[in-house]
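Student: here is my input, please return the structure:
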Amino acid sequence: IKADFDIDMPRTEETEKEMAKFVTSFISNEKGLKPFTCDGVGEVIDWASRLAEHQERMSTEFNRLTEVIIEASAWAGMEGADVVSSDHVYKAIQEKRFRSNLIQERIDRAFYEDQIKIDTSGSVVGQINGLSVVNLGDYMFGHPSRITANVFMGKEGIVHIEREVKMAGPIHNKGLLTLSSYLGKKYAQDMPLSLSAKLAFEQNYGGIEGDSASSTELYCLLSALADIPLKQSIAVTGSVDQFGNIQPIGGVNEKIEGFFRYCQARGLTGDQGVIIPRQNIINLMLNREVIQAVKEGNFHVWYAGTIDEGIELLTDLSAGIPDQEGKYPDNSIHGKVKGKLREWVEKSAKLARELSVNDVAEKADSED
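Tutor: Modelled structure (predicted):
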């Protein structure tokens, strides 16, 4: 007999009631546990959705839920409370995270001491904040990574430094090839695509995997080609397909909270935030600090469905819509990129002609 046990279930009014019954039953069967208030049970249910990474589903990993129930009751007892409220449950969750976040604290400390360079304000050409997730098994956390791009004349195409030194996995390399395909479709329909570009994850020493940064790398590349700065107050996540559509990723909550920590450490300015794929909205189950900052307008969570939507948020400029002849407005992002690529093609052709003429002249002189 084959049996598969799912790790989550739908979150409906009925299953929420069943979860409340489970909490009550567990408290009744375990000696010394205090009763939960309605909002305390609600916090447990929200935590179950956070574990499932979905607003409309709840985790069925009941052992993880009972750990929080027991610890929340203990915190209520230490505070002299007769019942367990949502604050006690939230404290239990935060304390559980604290006991597992030593590596996160060390990485954060390196940022606070300026050992890791991450800009959370200003604008820079060819530089952007990507978002990564570290999974320790029982604990996950996100943190930003600085991605940079340099572009120049040549025929190497897009070269990722991590790939060249074998620090990138196959899924990440697939994302890079998809990015190259997007450029060819977008800009090489009436001229050859001739460029050399170098992409890198700065201060990365442990390797990278996954394609969730492919849209981020594309934004960075477009910025370098158009010579238009990107806002460093915004971090980005999301993979991209060959047509420029943004695709969903995992660990969205940890990624947002990771960049929020860095911005909070430097001081929230009101224009900081994260761009996520449109499809990941349903996965948002953020902690209280981020939610409160968003409500107060001190931090933002934007979504993008296409590269055009994302680049406009990052630059406050129009991405550009082609006319009937396929030409983009000169002052648009795509227009500037296409103009730079065409300029390089023309310069390359001119240089080739000049070298050819010089070779003929040198050959004639040698024959004389």
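
Student: please make it C-alpha for all contacts and neighbour counts, starting now.
Tutor: Will do.

Student: which stretches of the stretch 1-150 of the chain form helices?
Tutor: Secondary structure of the stretch 1-150 of the chain by DSSP state H, counting those that start in this stretch: the helices cover 13-29, 38-52, 62-78, 86-98, 102-112.

Student: could you dump these to CSV with distance to Ile161 and mean neighbour count?
Tutor: Below are the helices of the stretch 1-150 of the chain laid out as CSV (distance: least, CA to CA, whole Å; neighbours: other CA atoms under 10 Å):
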stretch, distance to Ile161, mean neighbour count
helix 13-29, 49, 15
helix 38-52, 35, 21
helix 62-78, 40, 18
helix 86-98, 34, 18
helix 102-112, 23, 14
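
Student: need those in TSV with distance to His160 and mean pLDDT, can you?
Tutor: Shown next, in TSV, are the helices of the stretch 1-150 of the chain (distance: least, CA to CA, whole Å; pLDDT from 0 to 100):
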stretch	distance to His160	mean pLDDT
helix 13-29	47	95
helix 38-52	34	96
helix 62-78	40	95
helix 86-98	35	96
helix 102-112	24	93
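
Student: show me the contacts for the residue most central in space within the chain.
Tutor: Among the residues of the chain, the one closest to the centroid is Thr237, at 2.3 Å (CA atoms, centre = their mean). Thr237 makes contact with 130-131, 212-213, 215-216, 249, 274-277, according to CA atoms under 8 Å, 6 or more residues apart in numbering.

Student: re earlier: Thr306 is nearest to which of the helices of the stretch 1-150 of the chain?
Tutor: Thr306 lies closest to helix 38-52 among the helices of the stretch 1-150 of the chain, at 26.3 Å (CA to CA).

Student: list the helices and strands the closest one packs on?
Tutor: Helix 38-52 is packed against helix 13-29, strand 57-59, helix 62-78, helix 86-98, with contacts defined by 3 or more CA pairs under 8 Å, 6 or more residues apart in numbering; DSSP states H and E.

Student: most neighbours out of the contacts of Thr237, which is it?
Tutor: Ser215 (30 neighbours; other CA atoms under 10 Å).

Student: can you tell me the element that one falls in?
Tutor: Using DSSP states H and E, Ser215 falls within helix 214-226.

Student: now do that helix: distance to the chain's middle.
Tutor: Relative to the mean C-alpha coordinate of its chain, helix 214-226 is positioned 14 Å out (CA atoms, centre = their mean, to the nearest Å).

Student: any low-confidence regions in the stretch 251-368 of the chain?
Tutor: 357-368 (pLDDT under 70).

Student: and the helices in it?
Tutor: 252-266, 288-295, 307-315, 333-367.

Student: what's the closest of these to Lys17?
Tutor: helix 288-295 (23.5 Å).

Student: who touches that closest one?
Tutor: With contact meaning CA under 8 Å, 6+ apart, helix 288-295 is reached by 257, 260, 299-301.

Student: ditto for stretch 318-330
Tutor: By CA under 8 Å, 6+ apart, stretch 318-330 touches 308-309, 311-312, 332-336, 339.

Student: try 6 Å this time
Tutor: 308, 312, 332-335 (CA atoms under 6 Å, 6 or more residues apart in numbering).

Student: can you tell me which of those is nearest Lys231?
Tutor: Taking CA to CA as the measure, Lys231 lies nearest Glu312 of these, at 10.6 Å.

Student: next up, the contacts around the closest one.
Tutor: Taking CA under 6 Å, 6+ apart as the criterion, Glu312 is in contact with Ser318.

Student: one more time with 7 Å
Tutor: Listed by CA atoms under 7 Å, 6 or more residues apart in numbering, the contact set of Glu312 reads 318-319.

Student: make 57 the first number, not 1, from now on.
Tutor: Shifting the count to begin at 57 puts that one at Glu368.

Student: okay, it and Leu278: tell me how far apart.
Tutor: Distance of Glu368 to Leu278, computed by CA to CA, to the nearest Å: 12 Å.

Student: Arg398 now?
Tutor: Counting by CA to CA - Arg398 and Leu278 are separated by 14 Å.

Student: who has more neighbours, these two?
Tutor: A side-by-side neighbour count of Arg398 and Leu278, using other CA under 10 Å, places Leu278 first with 23 against 19.

Student: leaving out the residues flanking it, which one is nearest to that one?
Tutor: With CA to CA, 6 or more residues apart in numbering as the criterion, Leu278 has its nearest non-adjacent residue at 6.7 Å, and that residue is Val393.

Student: Ile174 too?
Tutor: Per CA to CA, 6+ apart, closest to Ile174 is Arg202, 6.2 Å.

Student: now for the residue nearest to Asn343 when sequence neighbours are not counted, how many residues are close by?
Tutor: Spatial nearest neighbour of Asn343, excluding adjacent residues (CA to CA, 6+ apart): Glu313 at 7.7 Å. Per other CA under 10 Å, the neighbour tally for Glu313 reads 20.
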